[in-house]
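Undergrad: Sharing a model prediction with you, sequence too.
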Amino acid sequence: MKDNTQRDYIVEAIGLSRRFGKCYAVKEASFVVHAGEVFGFLGEQGAGKTTLLGLLLGLLWPTAGMVRIFGEAVTPGHTAPLRHVGSTIGMPSLLSPFSVRDHFLLLAHLYPDIAQTRIDELLELVGLQQDAHQKVRYLSAAQKQRLLFGLALFHSPKLLILDEPTLYLESAGKQEFRQLLQRLARQGITIILGGHLPQEMARLCDRIAMLQKGHIVAQGTISELQQKGLLPVSDFEEG
Amino acid sequence: MFWKILYVECKKVCALPHLWIGQALVLFSNLLLETCLLLLRVLPLNSLNHAAQVFHWPFNLVIVVSQLYFVHLGGLVLLVLSALLAGQEFTWGSFHLWLTRGVPRWLLLTAKVVTLFLTLGLTIILSIVSVSLVSLFDGSVAGGVEWSEVERMALSLCEATYALLPLLLLSFVLALGLRSSLKGIVCILLLSLCVYPLFEVLGRYSQWMRVLVSCTPFGLSRALMSANPLFVDAEQKIASFVGLTENLERQGNLLPFWGIVGGLTFYCILFLLLAFFLFLRQDCTPSLPFKRRVRCWRKNMIH
């Protein structure tokens, strides 16, 4: 029987490590993400964000440690809790012979209880209704990123895990995306973000874990990190 | 869940242009061979005309049987398609679309293996239909067909399919293990067109090498095909028609028939288990673009 504190955790990682050869991409990462929270991993490119998110999503086997999502352990061998998770990770990789709409239709087979109208709703939400019949191989990286975000939202997930979600978006798109993410957070969806821009992460997140060479060097609320001098105050006051 | 995933896999495969290009190639070569046989039957050429007369329905289905040999066009197309089925999602980097939605890896892989069998079935059915249609039009069915002949053909076709199966699974495993359809294709083509023939030649000079080669999946596949009388007859007739003097008589197999079948079954199970083992242990992250990978490596940022 779990106690109340544990029940509040949507994601819990304990001593999570992943080694590639002799190098640790992630080393002994421990953190919790509470329900309804926007939690961010902030770090330079190569700091281990994508590896860490890959571990959360059961795409990589951990060298040590464990991840629990909705109270259940997640490994590449057991991904059942991910049924309620929406995610985008790494480069926008999609099925190149298929159109934008086809991607939603393929996913619809996995979620037969979701109405077809949801597809049009999401196409409008991510601004791809004009390109619905366009093959993804002809889409720009920004359009692919929008599509991936739409696919992540398809089954109305309780948890969103997004790796560098605005990396390829144009500035207007970034602004639009921020507003959308804030709206989703207000709806009570738990969100985990990976990013390398302190300003943007500070604007979007309630709490941040700072990653450096695979280690979580600090974690806390924005104001806590500010007080420690790990996040510059001006960066997000400007935003 | 399995049927949904299988349906999605089938849709993905049907969207691959390579599948239809491969099928078109096999169909075209079938029709070409069939037309040659038809011309041989019709034109009063020489003594070869008699050999060609043998190939009327259902014995012209031997073209389909012959195509399934791993160094012939149909076999090679299927080996390439098998590698594409396994490795295409690594190339696209799209595995995360399914794996991050709680689809179990074993289920996804099972659906991929079933799709491979369906692709094999599609190729055989399309080949049979094309050859049958030509036979209908050229009037070679007119004489009627005895059931025993059809039975013999069906058995021969099953043998040829079974001989190809472990090689298809090997191609599948290679693409999966190397995480790339292109690498998988290169490896399987090298093995079947260069490495195996080389070892087969070496086997002529050394007995232990011959034993070793005959126990490989390629050797066993070759052995089962050479135990297939229809295939051997067809090979001999075609060889003599094109003027080859080499003796293509049935090779003395080192293993008995059921030993060959047992060996092929062993390899099928081995490659299937290997595919599951590899895929369940694998990391399935989308790869970084080459430039970014080089930049990360240069800066040596991951420690």
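TA: Here it is on my side, so go on.
Undergrad: can you tell me which residues contact the nearest residue to B:Arg210 once chain neighbours are set aside?
TA: Excluding its sequence neighbours, the residue lying closest to B:Arg210 (Cβ to Cβ, 6 or more residues apart in numbering or on different chains) is B:Gly203, at 3.7 Å. Any C-beta I mention is one placed from the backbone N, CA and C, and that applies to glycine too. By Cβ atoms under 8 Å, 6 or more residues apart in numbering or on different chains, B:Gly203 lies in contact with B:Met209, B:Arg210, B:Leu212, B:Val213, B:Ser214.
Undergrad: Tell me where chain A has helices.
TA: For chain A, the helices defined by DSSP state H cover A:4-8, A:49-56, A:100-110, A:117-125, A:141-153, A:171-186, A:198-204, A:222-227, A:233-238.
Undergrad: any idea which of those is most buried?
TA: Among the helices of chain A, the stretch with the highest mean neighbour count (mean count of other Cβ atoms under 10 Å in any protein chain shown) is helix A:49-56, at a mean of 28.
Undergrad: What count of nearby residues applies to A:Gln134?
TA: 15 (other Cβ atoms under 10 Å in any protein chain shown).
Undergrad: Surely it touches A:Ser96?
TA: No. In this structure, A:Gln134 is not within contact of A:Ser96 by Cβ atoms under 8 Å, at 11.8 Å.
Undergrad: roughly how far apart are the residue nearest to B:Arg210 and chain A?
TA: B:Gly203 is 40 Å from chain A, where distance means Cβ to the nearest Cβ, to the nearest Å.
Undergrad: Report pLDDT for that residue.
TA: What the model reports as pLDDT for B:Gly203 is 82.
Undergrad: Compute the distance between it and A:Glu72, please.
TA: Applying Cβ to Cβ, to the nearest Å, the value for B:Gly203 to A:Glu72 is 55 Å.
Undergrad: now the chain, which segments are flagged as low pLDDT?
TA: Assuming you mean chain A. Applying pLDDT under 70 to chain A picks out residues A:1-7, A:92, A:233-239.
Undergrad: Sorry, I should have been clearer: chain B.
TA: Ranges of chain B meeting pLDDT under 70: B:43-57, B:138-145, B:237-253, B:286-303.
Undergrad: Give me the most central residue, it.
TA: With distances taken as Cα atoms, centre = their mean, the residue of chain B nearest its centroid is B:Gly75 (3.5 Å).
Undergrad: In contact with that residue, which residues?
TA: B:Gly75 sits in contact with B:Gln67, B:Leu68, B:Tyr69, B:Leu164, B:Leu167, where contact means Cβ under 8 Å, 6+ apart.
Undergrad: Which parts of the stretch 201-303 of chain B are strands?
TA: Using DSSP state E, counting those that start in this stretch, the stretch 201-303 of chain B contains no strands.
Undergrad: where exactly do the helices run in it?
TA: Using DSSP state H, counting those that start in this stretch, the helices of the stretch 201-303 of chain B run over residues B:207-214, B:217-226, B:229-241, B:257-281, B:290-299.
Undergrad: just the ones you listed: most buried one?
TA: helix B:217-226 (a mean of 24).
Undergrad: is it true that A:Leu204 touches A:Gln182?
TA: Yes. Look at A:Leu204 against A:Gln182 with Cβ under 8 Å: they come within range, at 7.3 Å.
Undergrad: And the residue of the stretch 101-250 of chain B closest to chain A?
TA: In the stretch 101-250 of chain B, no residue comes nearer to chain A than B:Gly102, which is 3.7 Å away by Cβ to the nearest Cβ.
Undergrad: did I read that right, that residue in a strand?
TA: No. Under DSSP: H, G, I helix; E, B strand; the rest coil, B:Gly102 sits outside any strand and is assigned coil.
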